[in-house]
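Colleague: 3D model of this:
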Amino acid sequence: MAQTRDRMAPAKSGDALPDDDDERDGSPPPGEEGALNWKRQRRRRGTRKREDRDLPPPSSSRDPLEVFGADLMVMILNNLDARSVALSMLVSRAWHSVASSDRLWSLKCEELWSGKAHIPRISQVHGLSKLASYSLSVLDGKRTRITKYDLCDHAWEFHFSKAAPEYWLNLDPYWKGTGPPMRRYFHLDGSQTADPGDTEAGLELGNVKQCFLLFQCA
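Modeller: Below you'll find the predicted structure:
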């Protein structure tokens, strides 16, 4: 069976020239009109390249800190978790300055401390940055042993157990139903005090136990 091959018709002088990418360094086609079209295309190509160089970079490739400014970036970063904010400090010096600001980390500290019964003393040191306060609070939360400062930084409410002698139960407002639970305040010297007007007995016995507790926590 005879096979036929399609043959391309010779290009006419008015036909469109190949794409720019196909003939970037090729020679002009034959004929005066073809040579003129070739020169026009090369001229337009050069103009487009110059225009591309003069165009500003698209906003998507610009630094968001330059686009939005420091104040707006603080608001944006505040919606991120603390770890993401910390990682953003590694972008550049400008980002580090914004992402480590007290204005941002004071909000993070409030979130971390909200509802906590104990805030470590070391995080409250005067002049300490809020970023450092947050970091120290996180580290403090990982320890598993109570310290004497934990005992001395709080007011402790207590009542005697039901197994205590009747004498003590009769002195305890919890069992008598005459007032709020008794409070005791521990001190670093091993002593303890009560609220003003608390004349209930039992402080001497408590002092002995408190000295032992402070020795164990030291």
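Colleague: In this structure, where is pLDDT below threshold?
Modeller: Counting by pLDDT under 70, the chain has low-confidence residues at 1-35, 38, 45-60, 199-218.
Colleague: Would it be right to say that Ala132 lies in a helix?
Modeller: Yes: residue state for Ala132 (DSSP: H, G, I helix; E, B strand; the rest coil) corresponds to a helix.
Colleague: State the distance from Asp195 to Ala117.
Modeller: Counting by C-beta to C-beta, to the nearest Å, the gap between Asp195 and Ala117 amounts to 19 Å. Every C-beta, even on glycine, is put in place using the N, C-alpha and C of the backbone.
Colleague: Between the two, tell me which one has more neighbours.
Modeller: Comparing Asp195 with Ala117 by neighbour count (other C-beta atoms under 10 Å), the higher total belongs to Asp195, at 11 against 7.
Colleague: For the more buried one, which non-adjacent residue is spatially closest?
Modeller: Closest residue to Asp195 apart from its sequence neighbours, by C-beta to C-beta, 6 or more residues apart in numbering: Arg183 at 5.1 Å.
Colleague: Pull the contacting residues for that neighbour.
Modeller: Contacts for Arg183 (C-beta atoms under 8 Å, 6 or more residues apart in numbering) come out as Ala155, Trp156, Glu157, Ala194, Asp195, Asp198.
Colleague: could you say what helices and strands the helix or strand the second one falls within packs with?
Modeller: Using DSSP states H and E, Trp156 falls within strand 155-158. Under the contact definition 3 or more C-beta pairs under 8 Å, 6 or more residues apart in numbering; DSSP states H and E, strand 155-158 sits against strand 182-186.
Colleague: Could you check how many residues crowd around Gln41?
Modeller: Around Gln41 there are 17 other residues, counting by other C-beta under 10 Å.
Colleague: Quickly note the distance from Arg83 to Ala99.
Modeller: Between Arg83 and Ala99 the distance is 12 Å, computed by C-beta to C-beta.
Colleague: Can you pick out the residue with more neighbours from these two?
Modeller: With neighbours defined as other C-beta under 10 Å, Arg83 and Ala99 compare such that Ala99 has more, 23 against 8.
Colleague: Could you tell me how far that one is located from Lys176?
Modeller: On the measure of C-beta to C-beta, Ala99 and Lys176 end up 56 Å apart.
Colleague: Ok, Ser133 next?
Modeller: When C-beta to C-beta is applied, the distance between Ser133 and Lys176 equals 43 Å.
Colleague: next one: Val67
Modeller: Separation of Val67 from Lys176 (C-beta to C-beta): 68 Å.
Colleague: what sits against the closest residue to Ile122 other than its chain neighbours?
Modeller: Spatially, and ignoring its direct neighbours in sequence, Ile122 is nearest to Leu136 (5.2 Å; C-beta to C-beta, 6+ apart). Shown here is Leu136, whose contacts under the criterion C-beta under 8 Å, 6+ apart are Pro120, Ile122, Ser123, Leu128.
Colleague: repeat for Asp71
Modeller: For Asp71, the contact set (C-beta under 8 Å, 6+ apart) is empty.
Colleague: of the contacts of Leu136, closest to Lys142?
Modeller: Pro120 (11.3 Å; C-beta to C-beta).
Colleague: Wait, that closest one touches Ser137, no?
Modeller: Yes: using C-beta atoms under 8 Å as the test, Pro120 is close enough to Ser137 to be in contact (6.0 Å).
Colleague: all helices for this protein, in order.
Modeller: Taking DSSP state H to define them, one finds helices in the chain at 32-54, 64-68, 70-77, 82-88, 93-99, 102-113, 130-140, 148-152, 166-171, 173-176, 203-217.
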